[in-house]
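In: sequence first, then the predicted structure:
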Amino acid sequence: MSETVRTHHRVRASELVGRNWLNTGGKTLDLEALRGKIVLLDFWTFCCINCLHVLDELRPLEEKYSDVLVTVGVHSPKFEHEADPVALAAAVERYEIHHPVLDDPELDTWKAYTARAWPTLVVIDPEGYIVAHLSGEGHADGLSVLIPELIAQHEAKGTLHRGSGPYVAPEPTSGTLRFPGKALFLPAGRGTSASAGSWLVTDTGHHRLVELGTDFHTVLRTFGSGTKGYADGPGADIDSIKPTAQFNEPQGLVLLPEDVAVTTGYDVVIADSVNHRLRGLSLADGTVTTLVGNGVQRLLEVGPARVDEDAAGFTGRLSDHPLDVALSSPWDLVWSRKLNAVVVAMAGVHQIFSFDPISGEVSILAGNGLEGLLDGAAHEAWFAQSSGLAEDADGSIWVADSETSALRKLVIDDDGTVAVESAVGRGLFDFGFRDGPAAEARLQHPLGVTVLPDGSVAIADTYNGAVRRYDPATKTVSTLARGLLEPSDVIVDHTQVAGKEPLLVVVEANKHQLVYVPIPKEAQQVDEGAVQTHRPKSPVAAGPLELTVRFTAPTGQKLDDRWGDPTQLKISSTPPELLVSGGGTSVGLLRTLELSADVPDGILHITARAAACDGPETADGEIPDHAACHLYQQDWGIPVILQADGDTELVLDLRGMD
């Protein structure tokens, strides 16, 4: 029997407790009703890009083992808006989740299972005992080994029950658009409309692009077959050629300068988020081509995985062969005049990339891959799921950094040197709805940004349902509009009549529409408070704290020790004074930290990595050169409070097996 399924010191799974159930036809589930099935608890929150990656990783397993495996999504929200049951129901529909979901707004089940990160996976065997704790992404291969082991074990014991699961599909939403993501104005001569221009929209929920007239109702053209997938080729029904090109949740769009478009043969670059690719669209004939990306999500390594080289880190130029580059959830795009390149918000790895359409060069422009809010030189900066980009008159790039609820800026010198600054935002767990001086102002998970004619910046403040404004001259924040349903993008209207005030175009994702919003002469001042993520703080004692990160390689894999210790920890804290010693980067998954008695509370930032490769081993026990290798990684932000009787040990699971 494999080590992964031994049942000594077994721990009984805690009951599933929450406010409501989705995707069950109104029925309440409990573990007794799921007895006899392998249960996979997926602790997620719908803002989290890593959680969305895991949803896609699990789909093939759910389909293959549909008669024995029941996935239960435990939605434990990070942001206040995510605790809204209507917003959660929309997210479950948007991401096409085909398993039961427990609404856990008070984090009751999260706390019962001692989850410490989004995403966290817990595997429960058919007898109701926990067999695995997994954090982060990339566990599909390990689960594909563990599940058959559990099936064999419990079929032999007679404790496995085959049959259909408890999932009940909800009523679908219909309409021209379905959860649109981003929009792009096509001036006269570039789109279908020869006079007024038109709007190109990523119809994300329908996996296609739609060209709309300026009334936002007239459909001029569609691009893509409308079926989720990946395929290049004809994208529009032109000359009776049926579209065969496919997208998978497309997001950001950028229109190339005309001279660049003539040279490249395509007009628009598309962030095809779930396909982890950049695609090109010719507006003349509707042809779709792949420009960047091999379809392999970045960080899931396909060659030797060396953790002493920062796989997610700042390496500058990546490749002259763009189809060989691995991307991770590209979310938005903007053309940089200073760089003569497309700038890409690479949400999945918390970095900003650049792509030169002429040379094909792909580079990391800013961010070292660590998740959080840290300014400075490009290679030192931290981002957190950047999701919106806009260029200002000086050539700086404004960034909607969603997970830190922040507005950031890339300042690009004439020589291409980049520095990162923050205008609004405090960190991963600070958000709210507050106007006023930027240092005290709060946003909530913004996804879009645009520069207004006066040089100020409008922000699609998504989870506040608002459009906010940041004035760089006065360093203040105000509110332009509210009452919107998850605005995912905001753009200055380019069709206004001379002499009239410009309008904003807002992509209202959860109302499945584009709307015009006037820019008021006097903005509102709103103060509904500044809050922090509703997560329990771990009580710890000042002084030594023994940190252990558990990792067990899946059956059939071996730790990749060809270049030394294949594990690594990176540790820092907010505030920095919390850590007296033990910070920094070093190999190994054990570390002794020294916590200051002078800091009452804070956050420990912990990144763990482990590299393992597939077998079989060679006769001398070595990993063969052709072996497929995998890099496991998780970032934790652990809120802690210093107490005299607090814990002196902290145990985290990267891949812990019971």
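Out: Received, thanks.

In: so where's the protein uncertain?
Out: 1-9, 174, 193-195, 299-317, 319-320, 496-499, 616-626 (pLDDT under 70).

In: name the helices or strands packed onto the longest helix along the chain?
Out: Identified as the longest helix of the chain according to DSSP state H is helix 140-157. On a contact count with 3 or more CB pairs under 8 Å, 6 or more residues apart in numbering; DSSP states H and E, helix 140-157 meets strand 38-44, helix 49-64, strand 120-124, strand 129-135. Where you see a C-beta, it was placed from the backbone N, CA and C, and this is true even at glycine.

In: how about these, which one is nearest Asp401?
Out: Across the helices and strands packed on helix 140-157, Asp401 has its closest neighbour in helix 49-64 (12.2 Å, CB to CB).

In: buried residues, that closest one. List them.
Out: For helix 49-64, the neighbour count (16 or more other CB atoms under 10 Å) marks 49-59, 61-62 as buried.

In: again with stretch 588-596
Out: Buried residues in stretch 588-596 (16+ other CB under 10 Å): 589, 591, 593, 595-596.

In: which element follows the longest helix of the chain toward the C-terminus?
Out: Note on helix 140-157: by DSSP states H and E, the next helix or strand toward the C-terminus is strand 183-186.

In: chain center to that next one, what's the gap?
Out: From the chain centre to the centre of strand 183-186 is a distance of 24 Å (CA atoms, centre = their mean, to the nearest Å).

In: who does the helix or strand just after it pair up with?
Out: Sequence order places strand 198-203 as the next helix or strand after strand 183-186, per DSSP H and E. Neighbouring strands of strand 198-203 in its sheet, by DSSP bridges, are strand 183-186 (antiparallel), strand 208-212 (antiparallel).

In: out of the ones you listed, deepest packed?
Out: strand 208-212 (a mean of 24; mean count of other CB atoms under 10 Å).

In: which residues are in contact with it?
Out: Under the contact criterion CB atoms under 8 Å, 6 or more residues apart in numbering, strand 208-212 has outside partners 176-177, 186, 191-192, 198-203, 218-226, 235, 247, 250, 253, 270, 281, 514.

In: thinking again about what came up before, so which of the buried residues of helix 49-64 comes closest to Lys111?
Out: Scanning the buried residues of helix 49-64 for proximity to Lys111, where the rule is CB to CB, the winner is Cys51, at 18.0 Å.

In: excluding chain neighbours, what is closest to that closest one?
Out: Spatial nearest neighbour of Cys51, excluding adjacent residues (CB to CB, 6 or more residues apart in numbering): Trp44 at 3.8 Å.

In: how much space separates that neighbour from Val74?
Out: Here Trp44 is placed at a distance of 7 Å from Val74 (CB to CB, to the nearest Å).

In: same question for Gly483.
Out: 31 Å.

In: between the strands paired with strand 198-203, which gets nearest to Val507?
Out: Per CB to CB, nearest to Val507 of the strands paired with strand 198-203: strand 183-186, 5.2 Å.

In: give me the residues contacting that closest one.
Out: With CB under 8 Å, 6+ apart, strand 183-186 has contacts from 192-193, 197-202, 211, 253-255, 268, 283, 489, 491, 493-495, 505, 507, 514.

In: may I have that strand exported as CSV, CA atoms only?
Out: C-alpha atoms of strand 183-186 as CSV (Å, rounded to 0.1, in the frame of the first residue of the first chain):
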residue,chain,number,x,y,z
ALA,A,183,-13.7,46.6,-24.2
LEU,A,184,-11.8,48.5,-26.9
PHE,A,185,-12.9,51.4,-29.1
LEU,A,186,-12.3,50.8,-32.9
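
In: still on that earlier bit, Throw the buried residues of helix 49-64 into CSV and include distance to Val580, thanks.
Out: Shown next, in CSV, are the buried residues of helix 49-64 (distance: CB to CB, whole Å):
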residue, distance to Val580
Ile49, 33
Asn50, 30
Cys51, 34
Leu52, 37
His53, 35
Val54, 35
Leu55, 40
Asp56, 41
Glu57, 39
Leu58, 41
Arg59, 45
Leu61, 44
Glu62, 46
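
In: and of these, the nearest to Arg298?
Out: His53 (10.6 Å).

In: surely Gly584 is in contact with Ile571?
Out: Yes - using CB atoms under 8 Å, Gly584 is in contact with Ile571, at 6.7 Å.

In: quick one: which of the two has more around it?
Out: Ile571 (19 against 11; other CB atoms under 10 Å).

In: from Arg426, how far out is the more buried one?
Out: Distance from Ile571 to Arg426, by CB to CB: 21 Å.

In: excluding covalently adjacent residues, which one is nearest to Pro505?
Out: Not quite, residue 505 is Val, not Pro. Closest to Val505 by CB to CB, 6+ apart is Ile491, at 4.7 Å.

In: so who does that neighbour touch?
Out: 183-185, 450, 504-505.

In: what about 10 Å?
Out: Going by CB atoms under 10 Å, 6 or more residues apart in numbering, Ile491 touches 182-185, 199, 390, 448-450, 458, 460, 503-507, 514.

In: same thing with Leu410?
Out: 336, 339, 343, 352, 365-367, 378, 381, 389, 391, 395-399, 418-421.

In: the same query, at a cut-off of 7 Å, please.
Out: When contacts are counted by CB atoms under 7 Å, 6 or more residues apart in numbering, Leu410 touches 352, 366, 396-397, 399, 418, 420.

In: repeat that for Thr24.
Out: Residues near Thr24 by CB under 7 Å, 6+ apart: 100, 166, 168.

In: which among the residues you listed count as buried?
Out: 100, 166.

In: now distance to Pro148 too, for the contacts of Thr24, in JSON lines please.
Out: Output for these, formatted as JSON lines (distance: CB to CB, whole Å):
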{"residue": "Pro100", "distance to Pro148": "23"}
{"residue": "Pro166", "distance to Pro148": "22"}
{"residue": "Val168", "distance to Pro148": "27"}
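
In: quick one: which of the contacts of Thr24 is nearest Gln385?
Out: Pro100 (26.3 Å).

In: please produce a PyMOL select command covering the buried subset of the contacts of Ile491.
Out: The buried subset of the contacts of Ile491, as determined by 16+ other CB under 10 Å, is captured in PyMOL by this line:
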select buried, resi 182+183+184+185+199+390+448+449+450+458+460+503+504+505+506+507+514
